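J.: quick one, fold the following:
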Amino acid sequence: MGYEYAAEGTVTVTPPIPLSAIRELTEGPDLPIFTVVPGLDDPGAAGPRADIVGLWVLIPADAPLDAEKPVTVGALKMDHTSKSAAIGVPLARFVRLCRKAGHEVTSDVKFWGEEGERGVIEVDGSDVAWVETYHPTRQLSRW
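T.: Modelled structure (predicted):
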């Protein structure tokens, strides 16, 4: 089995990034496949694999009236329960692509673990760091 975490929150990109710079996240073959939706908080928006891979939704910063104008992404909304790597790896892919394109990334993502621990997932350069803010039985850790 393995140890599972629940993680949810938003990662903001400044300035918004053109969808073309992160298109690989929406095409696969790696899971999760990120979806692009105009709204927020719709578990169905993640598509047929949402029950396996959770919610990974790219939120457009604009809604271009002209179909020729590229969409820009201002945030990633995520909600997923799984092992830390199944959460951290795709989140780090998103952060690295945004940073590689010269964009700033900030995180407001919280996590909860099976033993009652909780914390935040922070952007750390071009990667992510899990930082415990509470654990009922041991010292706090960061990984």
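J.: going by C-alpha atoms from here, please, whenever you check contacts or count neighbours.
T.: Will do.
J.: and Thr10, how far is that from Lys77?
T.: Distance of Thr10 to Lys77, computed by C-alpha to C-alpha, to the nearest Å: 5 Å.
J.: please apply the same query to Val109.
T.: Going from Val109 to Lys77 by C-alpha to C-alpha gives 9 Å.
J.: between these two, which contacts overlap?
T.: 8-11 (C-alpha atoms under 8 Å, 6 or more residues apart in numbering).
J.: surely Arg118 meets His135?
T.: Yes: counting by C-alpha atoms under 8 Å, Arg118 touches His135, with 6.7 Å between them.
J.: next structured bit after the helix or strand hosting Trp112?
T.: Following DSSP states H and E, the helix or strand that holds Trp112 is strand 104-113. Helices and strands here follow DSSP H and E; after strand 104-113, the next one along the chain is strand 118-124.
J.: what is that following strand packed up against?
T.: Contacts defined by 3 or more C-alpha pairs under 8 Å, 6 or more residues apart in numbering; DSSP states H and E place strand 118-124 against strand 104-113, strand 127-134.
J.: pick the most deeply packed of these.
T.: Stretch with highest mean neighbour count among those: strand 104-113 (a mean of 19; mean count of other C-alpha atoms under 10 Å).
J.: and it, which strands flank it?
T.: Paired neighbours of strand 104-113 in the sheet (DSSP bridges): strand 5-18 (antiparallel), strand 118-124 (antiparallel).
J.: tabulate these (TSV), appending distance to Ala101.
T.: As requested, the strands paired with strand 104-113 are exported to TSV (distance: least, C-alpha to C-alpha, whole Å):
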stretch	distance to Ala101
strand 5-18	8
strand 118-124	16
